[in-house]
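> Below: sequence and its predicted model.
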Amino acid sequence: MIDFRSQANALRDSMIARRRDFHQHPELSFQEVRTAGIVAQKLSELGLEVRTGVGQTGVIGLLEGDREGPTVLVRCDMDALPIQEENEVEYRSQTSNKMHACGHDGHTAVALAVAEMLSQHRDKLVGNIKFVFQPAEEIGQGAIAMINDGALLDPVPQVSLGLHLWNEIPVGQVAVVPGPLLAGVGIFDLIVKGKGGHAAMPQYTIDPVLTLAHILTTVQSIVSRNVPPIDTAVISATKVRAGDAYNVIPERAECYGTIRTFRNEVFDLVQERFHKIVDGVTASMGCQAELTIRSMTPPVINDEAVAQRMKSLFEENVPDLTYMDRFMSMVGEDMSCFLDRVPGVFLMVGSANHNRGLDYAHHHPRFDFDEDSMVIGATLLATAAAEYVLPE
């Protein structure tokens, strides 16, 4: 096997410089014009066949081998978040209320390094490597937009690979998990309608705020009393609105939130019970309600055979790391849309360094990560892709 660790180390400085440039110039979902332009230019310089504007702002770079063989899809995400950065670092965001607070700047730098590493072995490739630089992961729409725009065609990939730099895991540790890894994500909109009036005379009103409060309390029983204990789910109300004055009971109350599960059957169960609770509580309180639940992204489920193959491969070729085969998180990731269609594995690469204070959670305004994790990520991603298209 090629020594990709040495190659990744040689690209460490350029990876860091590129990541920090992306970090200084964050772009929100479907607005990744500058980032996509840099990506496309670099891929073109490496001699890849480049397609831009895929799924609005996505980029695909195809590294073709001289001989026929499988096609490996390597995916990364590019978008930032609407967060005001609080880090005092030289590479902090230069745009107000926009920040790379999830590591996508690092993912993009890693994927470009992997393209550079593997392009050096083009003459030995048996098959192709399709690099997919995806927009709009943070809103769960970029993967499906690229797929609908032909990202999985011409050529059709046989295996899909990706990674996330992850601050719940210390640098030097990597989760290579067979089966469920990250949760499927749904969102809900709940509108409760009653009869408004004076807060001092509630007997003449039908209070939608009280009704909503009962609904939200009762809905939590779904997880504790309807979902089997060996499964799991999370129902979180994240935005509640009602009224404008201290002394007025409003006509309506609104609530918005998220539902997360690891199995589609559990998501269906949560939906069913949610609707029944809303119907029952509103009927008993004299209100009316409109509940809409939408599935955004399915769970991230790694192919068991691919995950086991990768773990053995990594342990043999990059033995200085610690590999975990058990890790699950309720966060969502639309890499699931690729994995649903093309078997593969999504790696969680440890990026936290507690001694340096690089351990804030994802989506926090002080999020940052240990940049050594990018060398690890590039090493593993190149090693994984080479397993399929670079014979010994």
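Yep, that arrived.
> Just the helices from the stretch 101-250 of the chain, written as ranges.
104-119, 142-148, 208-225 (DSSP state H, counting those that start in this stretch).
> which regions of the stretch 101-250 of the chain sit below the pLDDT cut-off?
Residues of the stretch 101-250 of the chain that meet the criterion pLDDT under 70 are absent altogether.
> And the strands in it?
Along the stretch 101-250 of the chain, the stretches classed as strands by DSSP state E, counting those that start in this stretch are 126-134, 159-170, 173-175, 179-182, 184-193, 197-198, 233-242, 248-249.
> hmm, back to that, buried deepest among the helices of the stretch 101-250 of the chain, which one?
Among those, ranked by average contacts under mean count of other C-beta atoms under 10 Å, first place goes to helix 104-119 (a mean of 26). For the C-beta atoms, the positions are set from N, CA and C on the backbone; glycine is no exception.
> Strand 126-134 and that one, what's the angle between them?
Going by axes from the mean of the first three to the mean of the last three C-alpha atoms, to 10 degrees, helix 104-119 is angled at 160 degrees with respect to strand 126-134.
> you'd agree residue 116 is up against residue 46?
Yes. Here residue 116 reaches residue 46: they are 5.9 Å apart, a contact under C-beta atoms under 8 Å.
> For beta bridges, what are the partners of residue 54?
When bridges are taken as DSSP bridges, the partners of residue 54 come out as residue 58.
> Quick one: residues contacting it.
For residue 54, the residues meeting the contact criterion (C-beta atoms under 8 Å, 6 or more residues apart in numbering) are 60, 146, 149-151.
> Relative to residue 340, how far out is it?
18 Å (C-beta to C-beta, to the nearest Å).
> contacts for the helix or strand containing residue 37?
Taking DSSP states H and E as the criterion, residue 37 maps to helix 33-45. Contacting residues not belonging to helix 33-45 are listed as 18, 21-22, 25, 27, 50, 52, 57-59, 61, 78, 108, 112, 115-116, 131, 133, 135 [C-beta under 8 Å, 6+ apart].
> What is the neighbour count of residue 31?
When counting by other C-beta atoms under 10 Å, one arrives at 17 neighbours for residue 31.
> on that earlier part again, quick check on the contacts of helix 33-45: which are buried?
Neighbour counting with 16 or more other C-beta atoms under 10 Å marks 18, 22, 25, 27, 50, 52, 57-59, 61, 78, 108, 112, 115-116, 131, 133, 135 as buried within those.
> rewinding a little: format the helices of the stretch 101-250 of the chain as CSV; extra columns: distance to residue 33.
Conversion of the helices of the stretch 101-250 of the chain to CSV gives the following (distance: least, C-beta to C-beta, whole Å):
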stretch, distance to residue 33
helix 104-119, 14
helix 142-148, 14
helix 208-225, 40
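> No more questions from me, cheers.
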